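Colleague: Predicted model and sequence follow; I will ask about them next.
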Number of protein chains: 2
Amino acid sequence: MMQFKRRKTRVVRIGRIVIGGDNPIAIQSMAKVKTSETDAVLRQAQDLASAGCEILRVAVKDEADARAVKTIKKSISMPLVADIHFSQRLALLAIESGADKIRLNPGNIHKRKEVMEIARACRLHRIPVRVGLNSGSLKTLKRGAGGRRSSRDNGLADIMVKEALSYLRIFEREGFYDIVVSLKGSHLVDTIWAYRKMSRHCDYPFHLGVTASGLPEWGTVKSSIAIGALLLEGIGDTIRVSLSAPPAEEVQVARSILQSLGLRNFGYEIVSCPTCGRCEVDLISKARELQAGLKNLGIKGSGRPMSIALMGCVVNGPGEAREADIGVAFAAKEGLLFKRGKPLRKVSFRDSVTVLLKELKATGCCGLRR
Amino acid sequence: MMQFKRRKTRVVRIGRIVIGGDNPIAIQSMAKVKTSETDAVLRQAQDLASAGCEILRVAVKDEADARAVKTIKKSISMPLVADIHFSQRLALLAIESGADKIRLNPGNIHKRKEVMEIARACRLHRIPVRVGLNSGSLKTLKRGAGGRRSSRDNGLADIMVKEALSYLRIFEREGFYDIVVSLKGSHLVDTIWAYRKMSRHCDYPFHLGVTASGLPEWGTVKSSIAIGALLLEGIGDTIRVSLSAPPAEEVQVARSILQSLGLRNFGYEIVSCPTCGRCEVDLISKARELQAGLKNLGIKGSGRPMSIALMGCVVNGPGEAREADIGVAFAAKEGLLFKRGKPLRKVSFRDSVTVLLKELKATGCCGLRR
């Protein structure tokens, strides 16, 4: 598997998850219900954990939310991050309640004395802080409120980096370095530039994301490009895909990003062709059937993901199926089963997925890997 | 809008679409029905054109398909590309039938004499050729068929570039340079490396894509990362997103990629937050309502895309809404309408999308742009 040279970063512990250094790039998401409604939060936390979420964040908007952190923590194994805005008091309360990390927004908690006090409380409780900038709440832009700044022309990325660095200095003067940084813009090019630039100024691990990226049909694309481009450069230690969608969808996209880049392994990948006029079978519905069957098999990752091919014609079919761990390449309505690079036998279109799943079960999935 | 320095490439004309040089990065897709069933092809062509497809490709598997090129061309305005494998005869027939470009796969049409004859026919008909490699049909890998090659460890990208260059020499010796190149692997990292490397060896425009990238939930991510990363480096002149899905979905993803990077403008973008425990309204369903309403408005692109924000709370809401051309930021259940950077008036959650759409209609969409 291809490896990229990762940016050297400090190691930061968030509850039982460790990020930075050579640790796996962790996936996080956020509960999208009122935090003090703990039953609803726990239901979403369950969905998120099943989807593969590794760090859970909740918004702390009032005292009830801050206190709920304690209740939620008792029932989940994911580390819990408290997302704080505007209020130093709520930050301190969330820390007291046992948050595994707190996220501060330099755009709305920035009095030096307040920030220093939060840093001291974090040190006492041995938890890190995420310094989380968003382009939508930058101080520099707010100051000129009323008229619109042509922020992109004036270097939004530069403004973000400058505000982040000035905020970090408050912590550093306090001797506090247990920090994760994020610089999320709603435009992906700003976001990429901000992280790239920031990577030259510090060794804190980065939390990657594009903010307010919209509905999944747009947000998936934006997040994949920005997070993908940065990871390809070795930048990024934990990722959050923001989508206007149920949170488990964010985790699915995050997993796809990391596995596509060979950075994590969540079990398997389906290699299936887009089909064209050459294809004489309904390959797309078979690919769906295969995907559903694989979910039930519960293949767990070890080494690299198992690659399972379903190809519609003789052009790339045999080649892709041969490269895969197991696969079927169709010629007209008949398929040829490949396993570990070798053609085994013919299979009918109808039985193809059943045969693939049976082979996977019979040999033990890991036995297939070469 | 951010601009990247594009790789300098030759200009290639495909019917009425020109790619390479400073021309817009064109979107293409492929019909997924038998080419000789021209009614079915034309129905898909209509869907594709409506979705924003600019170049249509069809598979030519037999003589009937090659002849159908003529019929299809009469009824569509998109340039038509004939996708040829294995048969020089079908290539010549498709050229005779009026194809605007042909795609050849060096993995299965490689006899020097045959390739030269195709090049001569293309020159006669003044149409370009795409030299389209796929990792699934590489000669080098086929030669050792039977055992599986650890292709990625042995530098699949290098093999692809080597085979492409050797194939290109056949055309170049014939004095034929009207060429587009693609180097698609099913693994995105191989694909990125192959294009990057190839970009240093020639000035032919590139057709970007990841082959056999699977169902949309995976393929969208893979294609966005690979195509996005290359475009960010200035590489790429036309793109095709391959998905195991109806072809119009490929075009939607392609548009999202190009617009997210600021390379094309298809009218508008919705900036909406992922929501969290702070949000007291069902923002996600409102974003869906907004998207549906915008589709009906039919905003056409000029300059940069119109940005329309729908934000769930006061943290980033006012900032994002102010940066957008028009937007609503909610605080609890009440929203504040922003237009051209200025707060205008309060709107209820229920009426928010209606108000946004009304404002867009009233002012004329372009009037909003600053």
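Modeller: On my side now, so go ahead. Please read all numbers here as calculations on a predicted model, not as lab measurements.

Colleague: and residue A:88, how many neighbours?
Modeller: Neighbour count of residue A:88, defined by other C-beta atoms under 10 Å in any protein chain shown: 17. Any C-beta I mention is one placed from the backbone N, CA and C, and that applies to glycine too.

Colleague: Not counting its neighbours along the chain, what's nearest it?
Modeller: The spatially closest residue to residue A:88, leaving aside those adjacent along the chain, is residue A:114, at 4.0 Å (C-beta to C-beta, 6 or more residues apart in numbering or on different chains).

Colleague: Packing partners of the helix or strand hosting the one you found?
Modeller: Element membership of residue A:114, judged by DSSP states H and E, is helix A:112-125. On a contact count with 3 or more C-beta pairs under 8 Å, 6 or more residues apart in numbering or on different chains; DSSP states H and E, helix A:112-125 meets helix A:88-96, strand A:101-104, strand A:129-134, helix A:156-173.

Colleague: Check whether the second one comes near chain B.
Modeller: Spelled out, it's strand A:101-104. No - using C-beta under 8 Å from any C-beta of the partner chain, strand A:101-104 never reaches chain B; the gap is at least 11.0 Å.

Colleague: quick one: contacts of that strand?
Modeller: Contact partners of strand A:101-104, identified using C-beta atoms under 8 Å, 6 or more residues apart in numbering or on different chains, comprise A:14-15, A:55, A:57, A:79, A:81-84, A:91, A:94-95, A:115, A:118, A:122, A:127-132, A:180.

Colleague: ok, 6 Å please
Modeller: With contact meaning C-beta atoms under 6 Å, 6 or more residues apart in numbering or on different chains, strand A:101-104 is reached by A:14, A:81-84, A:91, A:94, A:127-130, A:132.

Colleague: again, but for the first one
Modeller: Applying C-beta under 6 Å, 6+ apart, the external contacts of helix A:88-96 come out as A:60, A:66, A:69, A:82, A:84, A:102, A:109, A:114, A:118, A:121, A:125.

Colleague: what about the first one, neighbour count?
Modeller: Close neighbours of residue A:60, defined as other C-beta under 10 Å, add up to 30.

Colleague: where along chain A do the helices fall?
Modeller: Using DSSP state H, the helices of chain A run over A:38-51, A:63-75, A:88-96, A:112-125, A:139-143, A:156-173, A:188-199, A:216-232, A:247-260, A:283-297, A:317-323, A:352-363, A:365-368.

Colleague: Can you show me the CA trace of the helix holding residue A:114 as PDB?
Modeller: Provided in PDB are the C-alpha atoms of helix A:112-125 (Å, rounded to 0.1, in the frame of the first residue of the first chain):
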ATOM      1  CA  ARG A 112      -6.600  36.600  27.400                       C
ATOM      2  CA  LYS A 113      -7.500  36.100  31.000                       C
ATOM      3  CA  GLU A 114     -10.400  33.800  30.300                       C
ATOM      4  CA  VAL A 115      -8.500  31.700  27.800                       C
ATOM      5  CA  MET A 116      -5.600  31.300  30.300                       C
ATOM      6  CA  GLU A 117      -8.000  30.200  33.000                       C
ATOM      7  CA  ILE A 118      -9.500  27.600  30.600                       C
ATOM      8  CA  ALA A 119      -5.900  26.400  29.800                       C
ATOM      9  CA  ARG A 120      -5.200  25.900  33.500                       C
ATOM     10  CA  ALA A 121      -8.400  23.900  34.000                       C
ATOM     11  CA  CYS A 122      -7.500  21.700  31.100                       C
ATOM     12  CA  ARG A 123      -4.000  21.100  32.400                       C
ATOM     13  CA  LEU A 124      -5.500  20.200  35.800                       C
ATOM     14  CA  HIS A 125      -7.900  17.700  34.200                       C
END
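
Colleague: Report the mean confidence score over that helix.
Modeller: Averaging pLDDT along helix A:112-125 yields 97.

Colleague: One more: stretch A:351-370?
Modeller: Per-region confidence: stretch A:351-370 scores 77 on mean pLDDT.

Colleague: For residue A:67, give me its contacts.
Modeller: Listed by C-beta under 6 Å, 6+ apart, the contact set of residue A:67 reads residue A:97.

Colleague: swap the cut-off to 10 Å and go again
Modeller: By C-beta atoms under 10 Å, 6 or more residues apart in numbering or on different chains, residue A:67 lies in contact with A:35-36, A:38, A:60, A:93-94, A:96-97.

Colleague: Ok, residue A:163 next?
Modeller: Residues in contact with residue A:163, defined by C-beta under 10 Å, 6+ apart, are A:106-107, A:110, A:131, A:133, A:137-141, A:183.

Colleague: How about residue A:231?
Modeller: A:4, A:6, A:25, A:208, A:237, A:239, A:257-258, A:260-261, A:263, B:225, B:229.

Colleague: Buried subset of those, written for PyMOL?
Modeller: To isolate the buried members of these in PyMOL, using 16 or more other C-beta atoms under 10 Å in any protein chain shown:
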select buried, (chain A and resi 6+25+208+237+239+257+258+260+261+263) or (chain B and resi 225+229)
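
Colleague: any idea which of the contacts of residue A:231 is closest to residue B:218?
Modeller: The closest of the contacts of residue A:231 to residue B:218 turns out to be residue A:260 (C-beta to C-beta; 7.3 Å).

Colleague: hmm, which two among the contacts of strand A:101-104 are most spread apart?
Modeller: A:14 and A:91 (16.1 Å).

Colleague: picking up where we left off before, out of the contacts of helix A:88-96, which comes closest to chain B?
Modeller: Proximity of these to chain B (C-beta to the nearest C-beta) peaks at residue A:60, which lies at 7.8 Å.

Colleague: Any idea what that closest one is bridged to?
Modeller: Beta-bridge partners recorded for residue A:60 (DSSP bridges): residue A:84.

Colleague: In the stretch 1-150 of chain A, where is pLDDT below threshold?
Modeller: The stretch 1-150 of chain A contains residues with pLDDT under 70 at A:1-3, A:142-150.

Colleague: give me that answer again for 80
Modeller: Along the stretch 1-150 of chain A, segments meeting pLDDT under 80 span A:1-4, A:139-150.

Colleague: Equivalent analysis for the stretch 201-350 of chain A, please.
Modeller: Ranges of the stretch 201-350 of chain A meeting pLDDT under 80: A:298-304.
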